[in-house]
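structure of the sequence below:
(2 chains)
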Amino acid sequence: MSPIYRFENPDPASALPDGPLHGMRVALQSTVSVAGWPTDADSAALTDFTALEDATVVQRLRQAGAALTGLTRASEFGFGLHGSQAGEAVRSDAADAELVLDMMGECRVAAARADAFGLLPSVGLVSRLGLIGLIPSMERCGLLARSCDTLSTLLAALAGPDGRDLTLEETPLPPPAPLPDDGRGVTLGVIPQALEGLPVAQAEGFRAAIDRLTAAGITVCELTLPEYNLFDLVHAIVGAVEASSCAGRYDSVRYGHRPPGAKDWNEMYLSARGAAFGTCVKSFLIQGAFFQFERYAAYENACRIRARLVAAVQQLMPQVDALALPLADRVPEGATATLAETRAPFASTLLASVTGQPALALPAAGACGALQLVGSRLGDARLLALGGMLLALCREGK
Amino acid sequence: MDFEAVIGLEIHVELNCATKLFCDCPNRPGDEPNANTCPTCLWMPGAAPRLSQAALEKAALLCLGLGAELQPLSAFDQKVYYYPDLPKGYQLSQAHLPLSRGGSITVTNEQGEARTLRIHHIHMEEDVAKLVHELEGRQPISLVDFNRAGAPLVEIVTEPDFRTPHEAMEFLKALRTQVRYVGASECSMENGTMRVDANISVRPRGTDQMNTKVEVKNMNSVRHVGDAIAFETARQSAAVQAGETVAQHTRLWDPDKKVTLPMRAKFEGPCVPDPSVSAIELTPAWIESLRARLPEMPAAKAERLVKEHGISAEDAAFLSADTDVADYFEALTAQGVTTKMALHWTATQVLPAVRERGQEISASSVTPERLAGLLTLLARDEINANAARDVLVALFESDASAEAIVNERGFRQISDADELGALIDHVLAAEPTALADVRNGVGKAMGFLIGQVMQASQGKANPKLIKELLAKKLDL
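Numbering: from 1, shown residues only, chains lettered A, B, ... in the order given. Reported below is the predicted structural model:
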């Protein structure tokens, strides 16, 4: 049994002779629907479930000539990275790229962990049809690969309206604003509060990366975002409430496991849902149900705070080419963890999850060191180009 | 103590769209169970809802037809409850930002006064699946038919302006007419395309306090709504009179026993905004383009019919209750048929005839043009009323014109004085008793003689002429 894959495609070769992704081996998670594959999101709630149709991203991979290698082991519903092999297929060269569901930073942290690059695309850029997650307003199809160029090629093939996910941007994007000619024209913004409370190694890694970028001639300025610490709260409340509602469909009526012996519907629900979810996901769902049913005012406040945070970050963006944020590059060992342990590595990735902006994860082994670049919404192409430029500058600076 | 009821209605109307609200499945709940389903309306993992533009337009048109104000921003929320008829554990409904606010319908109360009953808001939502309870051997089982899941609904929520069952029933009838006018739904309570819940409380007459309300469901006709409200008002009045407190709960109308009975409470939580369906932004230009598609509504039509055709308000209300009937009437008058004749024939002949044949008046083979041909012959005394009714039947049976039918079947009226005179002589000779009665001033006898002459002419005689000739012959 493969330590990385839980399902390997017996016939991975592309059906097409060419295409922009021809020859690219792409690994998926069981949170991405592939018709006929056991895409059960690694949850007992979807026992024996096979997707009825391909996710839009899968259709586009096929149309672009990519080879689908299989499904890597994921955490339940792709939530957190405990028990997840995300990034390992790329690290071990079993694949050239991976699609990793990102609900709070999973794709980005997995990329850093695997010495690879990870992109969380903007909200509204890549179809969510067929993604099986828990937090609709935050989850996106993350891309993970060994280079920014590969990410760019992959994004170009996957992005754009599909007529199925109507939350996507319909109007074609304008060409990205040109990057400054040389590194001295680039400005990155750092938010000092983002370093508070981080593990020492992560904070130091980030400072080292910023030093390297400064040495390469990049301008780094400090930005004020007094409410930075509220991203965690918004994710914990809004994300959990959405998850609690979203997981309502796992009721064992149409599929999934239904423990025998229930006397009525209520008992059926209780026993089926009780058996369906693992401890961590269950904690998150119960947290969401608590806010929805017992503390609704707090949920409404969290929604208002979210809107305020989105506006506050948007106001910062014109001053910089991108925000630079720390990035965890390791996740404690172990297949299971409490909700708090599961969420711990994602303190610095929640900003982009909450605001809908694109974020590019650069690994420690990359020329710049481990950090995230957060761009303006729908400025994904420019963000990837900026990432490539910074890497080149840091390499020259060495 | 004298009590009055305070009543508000919540009316679900199933839109007659071709597809469901969030997917392209046919909106035909009556098909083979689960034939009209897809990953979206089954809410399989990864499903992405797509709001139907057609449903949005139809719902918005319905709002405009009821005089409601479309909101520039509306959005869907998740109404969470767990029941096997709800495939995702929540119903998509517009709880916080409804499609429209305001609107009203004016009805006439029992005292003949105009009462304007206000609408609080109208929102869109999806229907749920249908549960079928059966026995598998001796094991009771519940089957789920998802054909109806995701069907497009609007819910019309009124202000608590109603005081009597009559007002509620008049409101529902007028609402049904108006929704049919805009072509949004058949609004049949019997078929479930209109479903009504009533919120009822009582208070001492003349006070303006608001007391605990009780919701009553499961009425499947307008008459049942009236009966249920009457029963519930009496029940609550008696309870308050007896010093009991009324608790907020839901009751079901039992149409056989004609009582309301308490039902088990369903768990319901607060609604949270749905992140997967985009908010609906309506521009003023879009709203105006929709308003331009709005037909003349019943009240305006009735007013115009009175003004243009000089008919009574009652007749105008009758005609405008169904836009197709009013159209038929107006098409007849446009063909030169007199108002009186057009009204009489539409109401007493054509409508019963098309209903008897299971047709729609708008699609009837007896078009206003063909009927006008018949009525012109009648107006010119070329045929009599008896024959006209027979010609109408013939018009339904063939494509021939009235003129052709009259000629072919010899329906033309006998207006020849000599021919009629011979028939009259024959009848007078055969009916000496009636003749004597007429001479003795027995009024009924004259009618009898006319009838006999008509019979002798095989229904073709001109009755006016018979009367004239008889009078002349008998020197009356």
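
contacts only, for the residue in the stretch 301-450 of chain B that chain A sits nearest to.
Nearest residue of the stretch 301-450 of chain B to chain A, counting by C-beta to the nearest C-beta: residue B:323, 34.3 Å away. Bear in mind the C-beta positions are built from the backbone N, C-alpha and C, glycine included. With contacts defined as C-beta atoms under 8 Å, 6 or more residues apart in numbering or on different chains, residue B:323 is in contact with B:180, B:181, B:295, B:298, B:301.

so where does the last one fall, helix or strand?
Element membership of residue B:301, judged by DSSP states H and E, is helix B:298-309.

need phi/psi at residue B:83.
Summarising the backbone geometry of residue B:83 under the convention degrees, to the nearest 10, its torsions are phi -160, psi 140.

including neighbour count and distance to chain A, could the contacts of residue B:323 go into JSON lines?
JSON lines is the format used below for those (neighbours: other C-beta atoms under 10 Å in any protein chain shown; distance: C-beta to the nearest C-beta, whole Å):
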{"residue": "B:180", "neighbour count": "20", "distance to chain A": "31"}
{"residue": "B:181", "neighbour count": "22", "distance to chain A": "31"}
{"residue": "B:295", "neighbour count": "13", "distance to chain A": "30"}
{"residue": "B:298", "neighbour count": "23", "distance to chain A": "36"}
{"residue": "B:301", "neighbour count": "21", "distance to chain A": "38"}
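
next, format those residues as TSV and append distance to residue B:455.
As requested, the contacts of residue B:323 are arranged in TSV below (distance: C-beta to C-beta, whole Å):
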residue	distance to residue B:455
B:180	45
B:181	47
B:295	48
B:298	45
B:301	44
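
export these as TSV, with columns for pLDDT.
Formatted as TSV, the entries for those read as follows, by pLDDT from 0 to 100:
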residue	pLDDT
B:180	95
B:181	94
B:295	93
B:298	92
B:301	94
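
how far does stretch B:66-74 sit from its chain's centre?
For stretch B:66-74, the distance from its own C-alpha centre to the chain's C-alpha centre is 24 Å (C-alpha atoms, centre = their mean, to the nearest Å).

how about residues contacting that stretch?
The contact list for stretch B:66-74, computed with C-beta under 8 Å, 6+ apart, reads B:60, B:63-64, B:94, B:97-105, B:119, B:121-124, B:156, B:175, B:178-179, B:279-284, B:287.

hmm, back to that, for the helix holding residue B:301, list the C-alpha coordinates in PDB.
What follows is the C-alpha trace of helix B:298-309 in PDB, where atoms were taken according to Å, rounded to 0.1, in the frame of the first residue of the first chain:
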ATOM      1  CA  PRO B 298     -57.500  42.500 -12.600                       C
ATOM      2  CA  ALA B 299     -58.500  45.700 -10.600                       C
ATOM      3  CA  ALA B 300     -57.400  48.000 -13.400                       C
ATOM      4  CA  LYS B 301     -59.000  45.700 -16.000                       C
ATOM      5  CA  ALA B 302     -62.400  45.700 -14.200                       C
ATOM      6  CA  GLU B 303     -62.300  49.500 -13.900                       C
ATOM      7  CA  ARG B 304     -61.600  49.800 -17.600                       C
ATOM      8  CA  LEU B 305     -64.300  47.400 -18.600                       C
ATOM      9  CA  VAL B 306     -66.800  49.400 -16.600                       C
ATOM     10  CA  LYS B 307     -65.600  52.600 -18.200                       C
ATOM     11  CA  GLU B 308     -65.300  51.300 -21.800                       C
ATOM     12  CA  HIS B 309     -68.200  48.900 -22.000                       C
END
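
what's that helix in contact with?
Judged by C-beta under 8 Å, 6+ apart, the contacts made with helix B:298-309 from elsewhere in the structure are B:106, B:174, B:177-178, B:181, B:296, B:311-313, B:315-317, B:319-321, B:323, B:326, B:329-330, B:333, B:339.

now for residue 166: which residues touch it?
All of this is about chain A. Going by C-beta under 8 Å, 6+ apart, residue A:166 touches B:48, B:49, B:50, B:51, B:277, B:278.

if you could check chain B rather than the one you did, that'd help
Counting by C-beta under 8 Å, 6+ apart, residue B:166 touches B:109, B:110, B:226.

those in helices, which ones?
residue B:226 (DSSP state H).

could you pick out the residues of chain A near chain B for me?
Counting by C-beta under 8 Å from any C-beta of the partner chain, the residues of chain A lying close to chain B are A:33, A:39, A:41, A:46, A:49, A:51-53, A:55, A:127-132, A:136-137, A:163-167, A:241-242, A:245, A:247-249, A:251, A:253-255, A:265-266, A:269, A:292-293, A:296, A:299, A:303.
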